[in-house]
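J.: Pasting the sequence and the predicted model now:
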Amino acid sequence: MSTPSAPVLRPSTPPDDWRAAWRTRWSYPALVANLVAQIVIIGTGGAVRLTASGLGCSTWPQCEPGHFTPMHVDAATYHTAIEFGNRTITGVLIVISLLVAAVVSTDAGRDRSYRLLGLVPLVGVLVQAVIGGIAVLVKLNPAIVASHLLISMALVSVSTVLVRRHGSGDGAPRPVVAPSIVALSRALVVMTAVVLALGVVVTGSGPHSGDTVVGYRFAVNPATMAMVHAGAVWLFLGVLTAIVGMLRRQQAPMQVRRAALVVLAVTVVQGAIGYLQYATGLPALLVGVHMVAAALLTVAVTWFVTALRVRD
């Protein structure tokens, strides 16, 4: 008669190992989801404005007085559904940014600057929710609406940095290109901010105020601002072309040259969209595409700049 074998005793997984495995599994998907969601909410926010749904919900944080969700009454229109849908996307983004904070900021094995950066999407989304509410309460003041979009662009840039930093080390950054290219890239970043800001002013002085009744606009000539904006884009393109040429002459790493070419391609496409929408009378669809493409340009520029240095 055989003797029953003794049970195999397996040690339990230490809590720290479990947390590390969880972070390994979810960090990168969470960071990518956050970046995508930051771009998506720019698109949905643009849809709110371009369909004149900015006051689809008459108050904030509730949609209607006494109700957080739209009321099913005869006066309700698709404007309410679009505005409430954008608010719902904000809720989804808060959940994603909470996950980003959990997987990044609790990783004691990473550099403190990276862990603090993981909190920025969450703080930014909460601030954005408040600014969006203020925009409704002040009846879509163009300055508030403009700051709303520019902060979203900044969050897109930070989210791109988080994706890039995920797979890198935490050592001191070491440039992989000549100092002249680094200097020009800094100028490119400044010009990106200027181009985005001017684009917001152009939109804030044009026909899409966010509401058909309340039509507050910037007190500037939209055609003049469009020309100023276009001039800034051409200057941006000139600096970018110089960078691409210098990278080629100096035989910069292939990933850096590819990143620069992506910026160039996105810039050309974005410029074509801009001229097309101006020539066709600023149709809402093209303006919306232009806004999303601006977010993609922000991603491309940030990706390029972070490719100029490595961390050991």
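T.: Sure thing, it's come through.

J.: what stretches of the stretch 1-150 of the chain score poorly on pLDDT?
T.: 1-16, 18-19, 54, 71-76 (pLDDT under 70).

J.: go again using 80 as the cut-off
T.: Applying pLDDT under 80 to the stretch 1-150 of the chain picks out residues 1-26, 49-81, 83-85, 139-140.

J.: any chance you could map the helices in it?
T.: For the stretch 1-150 of the chain, helices defined by DSSP state H, counting those that start in this stretch occupy the ranges 15-50, 78-105, 112-117, 120-137, 142-166.

J.: Same question for the stretch 151-300 of the chain.
T.: 179-205, 222-249, 254-279, 284-307.

J.: Go through these and pick out the most buried.
T.: helix 284-307 (a mean of 21; mean count of other CB atoms under 10 Å). Yep, even glycine has a C-beta here, placed from its N, CA and C like the rest.

J.: what about it, distance to the chain center?
T.: 8 Å (CA atoms, centre = their mean, to the nearest Å).

J.: which other helices and strands contact that helix?
T.: Applying 3 or more CB pairs under 8 Å, 6 or more residues apart in numbering; DSSP states H and E, we find helix 284-307 packed against helix 15-50, helix 142-166, helix 179-205, helix 254-279.

J.: Send me that helix as PDB with only the CA atoms.
T.: Only the C-alpha atoms of helix 284-307 are listed here, as PDB (Å, rounded to 0.1, in the frame of the first residue of the first chain):
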ATOM      1  CA  ALA A 284     -17.700  73.000 -37.900                       C
ATOM      2  CA  LEU A 285     -16.400  69.500 -39.000                       C
ATOM      3  CA  LEU A 286     -13.100  70.900 -40.300                       C
ATOM      4  CA  VAL A 287     -12.600  73.100 -37.300                       C
ATOM      5  CA  GLY A 288     -13.100  70.000 -35.100                       C
ATOM      6  CA  VAL A 289     -10.500  68.100 -37.100                       C
ATOM      7  CA  HIS A 290      -8.200  71.000 -36.800                       C
ATOM      8  CA  MET A 291      -8.500  70.900 -33.000                       C
ATOM      9  CA  VAL A 292      -7.800  67.200 -32.700                       C
ATOM     10  CA  ALA A 293      -4.800  67.600 -35.200                       C
ATOM     11  CA  ALA A 294      -3.500  70.300 -32.900                       C
ATOM     12  CA  ALA A 295      -3.500  67.800 -30.100                       C
ATOM     13  CA  LEU A 296      -1.600  65.300 -32.300                       C
ATOM     14  CA  LEU A 297       0.900  68.000 -33.100                       C
ATOM     15  CA  THR A 298       1.400  68.500 -29.400                       C
ATOM     16  CA  VAL A 299       2.100  64.800 -29.000                       C
ATOM     17  CA  ALA A 300       4.500  64.800 -32.000                       C
ATOM     18  CA  VAL A 301       6.500  67.800 -30.700                       C
ATOM     19  CA  THR A 302       6.700  66.400 -27.200                       C
ATOM     20  CA  TRP A 303       7.700  63.000 -28.500                       C
ATOM     21  CA  PHE A 304      10.500  64.600 -30.600                       C
ATOM     22  CA  VAL A 305      11.900  66.700 -27.800                       C
ATOM     23  CA  THR A 306      12.000  63.800 -25.400                       C
ATOM     24  CA  ALA A 307      13.800  61.700 -28.000                       C
END
